[in-house]
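> make a model of this:
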Amino acid sequence: MTAITINIPNREVSFFKKMITKMGWSYTVETAEKQTSKPRLYDPETGEYLNDKTMKIIEDVRSGKEPTYEIGSMEEFKAWCEAL
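As a prediction, this is how the structure comes out:
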């Protein structure tokens, strides 16, 4: 027997379980709490996962360690972009 690990979006788990049963295969479920690997985000435009540096920045912003910027209007956003 060969074990293969795949990640299924929560909304597709029910369909996946039905398909697996019809194919006569078996599966085990590992929830995110049990996983020991770092969280990764997939970029469908490049077909790759974000690198560790990018993931660290995202995690820092989510946890409040990095500042976020709020721009009110489109004019303020344009001015902000032009200032870069």
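> contacts, neighbours, all on C-alpha from now
Will do.
> Arg11 and Lys17, how far apart?
Here the criterion is CA to CA, to the nearest Å. By it, Arg11 lies 12 Å from Lys17.
> got it, and Gly72?
Gly72 is 45 Å from Lys17, by CA to CA.
> neighbour count winner among the two?
Relative neighbour count places Lys17 above the other of Gly72 and Lys17, with 14 against 8, counting by other CA atoms under 10 Å.
> same question for the strand or helix carrying that one: list its buried residues.
Lys17 belongs to helix 13-23 when assigned by DSSP states H and E. By 16 or more other CA atoms under 10 Å, helix 13-23 has no buried positions at all.
> so after that helix, what's the next helix or strand?
Using DSSP H and E, the helix or strand that follows helix 13-23 in sequence is strand 42-43.
> just checking: what are the partner strands of that following strand?
Paired neighbours of strand 42-43 in the sheet (DSSP bridges): strand 48-49 (antiparallel).
> can I get the next helix-or-strand element following the strand it pairs with in CSV, CA atoms only?
Remark: after strand 48-49, the chain's next helix or strand is helix 52-63, criterion DSSP H and E. Extracted as CSV, the C-alpha positions of helix 52-63 are listed here (Å, rounded to 0.1, in the frame of the first residue of the first chain):
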residue,chain,number,x,y,z
ASP,A,52,9.2,31.5,4.5
LYS,A,53,10.0,35.2,4.5
THR,A,54,6.6,36.2,3.1
MET,A,55,4.8,33.8,5.5
LYS,A,56,6.6,35.4,8.4
ILE,A,57,5.5,38.9,7.4
ILE,A,58,1.9,37.7,7.0
GLU,A,59,2.0,36.0,10.5
ASP,A,60,3.5,39.1,12.0
VAL,A,61,0.7,41.3,10.6
ARG,A,62,-2.0,38.9,11.7
SER,A,63,-0.5,38.8,15.3
